[in-house]
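J.: prediction below, plus the sequence it came from.
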Amino acid sequence: MNFTPDITIFWGKTSQNLAHVFVRVAGLPSDARLRGFVHGPVCRYSRTLPSRITLRDLGPGDERLLQAAIPDPCFWSPALPFLYDAELQVETDAAEPIVLRQSLGVRMFGASSRSLRLEGKRWVARGTRWPAASETHTPNRDGGPSLAEAIAALHDESLVAVVTDPSPAVCREASEAGVMLLVSVANNHAAFEHQV
């Protein structure tokens, strides 16, 4: 029996002392067994002492919910883009185990009144449109910079990339490098959400 679980990973209540990460899983057979963990933080620009926190299954239901409580979380910022890796293994009696992995960063980012806030301070997006972001390229067609070089240039100038339908490779590289993306998913929202 083949099945494709629908997985959503999100952060719950977060403070300087504790962050809650949740994994919601739908589309599972009734005999599904779940186990997993959150590992991190890791950061390209800093050495860390990562830990491994078990995802705890919060019980049966139409959708399953797992939770991990991360003590003393490190937050994602452009200067220090700390990331955590969530791994979930789904086992059933009738199918091979499925292992799913996703990176995520905890951001102190939100809206307050008519302003955006990053790490408690007013934040204004300053960026550039980046049409090549939807391509999966090493150097782009005209012999320009590689993906890593293009992202590094955005980071060095503290710019946000304005992109349409970015590839998973672009999203991953931007997250690891500390570059924010302003994303338009055009008419392909479901496909984008599934890829990322």
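T.: Done, it's in. Residues are numbered from 1 along each chain as shown.
J.: where do the helices sit along this protein?
T.: 147-156, 168-177, 189-195 (DSSP state H).
J.: mean pLDDT lowest for which of the ones you listed?
T.: Among these, helix 189-195 carries the lowest mean pLDDT, a mean of 52.
J.: show me where pLDDT drops low in this protein?
T.: Along the chain, the model assigns pLDDT under 70 to residues 1, 132-143, 186-196.
J.: okay, domains of it per the record?
T.: Taking automatic domain parsing as the reference, the chain has its domains at 6-104, 125-195.
J.: so which of those gets nearest residue 118?
T.: domain 6-104 (7.1 Å; Cβ to Cβ). C-beta: built from backbone N, CA, C; applies to glycine.
J.: endpoint to endpoint, the closest one covers what distance?
T.: Here the two ends of domain 6-104 are set 17 Å apart, with distance taken as Cα to Cα, to the nearest Å.
J.: chain center to it, what's the gap?
T.: 11 Å (Cα atoms, centre = their mean, to the nearest Å).
J.: on that earlier part again, tell me which of the helices of the chain approaches residue 29 most closely.
T.: Nearest of those (Cβ to Cβ): helix 189-195, 20.1 Å.
J.: centre-most residue in this protein?
T.: By Cα atoms, centre = their mean, the chain has its centre lying nearest to residue 104, at 3.2 Å.
J.: what sits against that residue?
T.: Residues in contact with residue 104 (Cβ atoms under 8 Å, 6 or more residues apart in numbering) are 9, 11, 21, 83, 84, 85, 86.
J.: what's around the third one, how many residues?
T.: Residues within reach of residue 21, counting by other Cβ atoms under 10 Å, total 23.
J.: nearest residue to it in space, please, no chain neighbours.
T.: Sequence neighbours aside, residue 68 is the residue nearest to residue 21 in space, at 5.0 Å (criterion: Cβ to Cβ, 6 or more residues apart in numbering).
J.: my guess is the one you found contacts residue 40. True?
T.: No: using Cβ atoms under 8 Å, residue 68 is not in contact with residue 40; the gap is 10.6 Å.
J.: so between the two, which is more surrounded?
T.: Between residue 68 and residue 40, residue 40 has the larger neighbour count (other Cβ under 10 Å), namely 23 against 20.
J.: was I right about that one contacting residue 82?
T.: Yes: using Cβ under 8 Å, residue 40 is in contact with residue 82, at 7.1 Å.
J.: anything in contact with each of those two?
T.: Residues touching both residue 40 and residue 82 (Cβ under 8 Å, 6+ apart): 48, 74.
J.: returning to what we had before: right, and the helices of the chain - which one's nearest residue 15?
T.: Of all the helices of the chain, helix 168-177 sits nearest to residue 15, with 22.3 Å by Cβ to Cβ.
J.: wait, what's in contact with the residue lying closest to residue 120 once chain neighbours are set aside?
T.: The spatially closest residue to residue 120, leaving aside those adjacent along the chain, is residue 108, at 6.6 Å (Cβ to Cβ, 6+ apart). Shown in contact with residue 108 (Cβ under 8 Å, 6+ apart): 75, 77, 117, 118, 119, 120.
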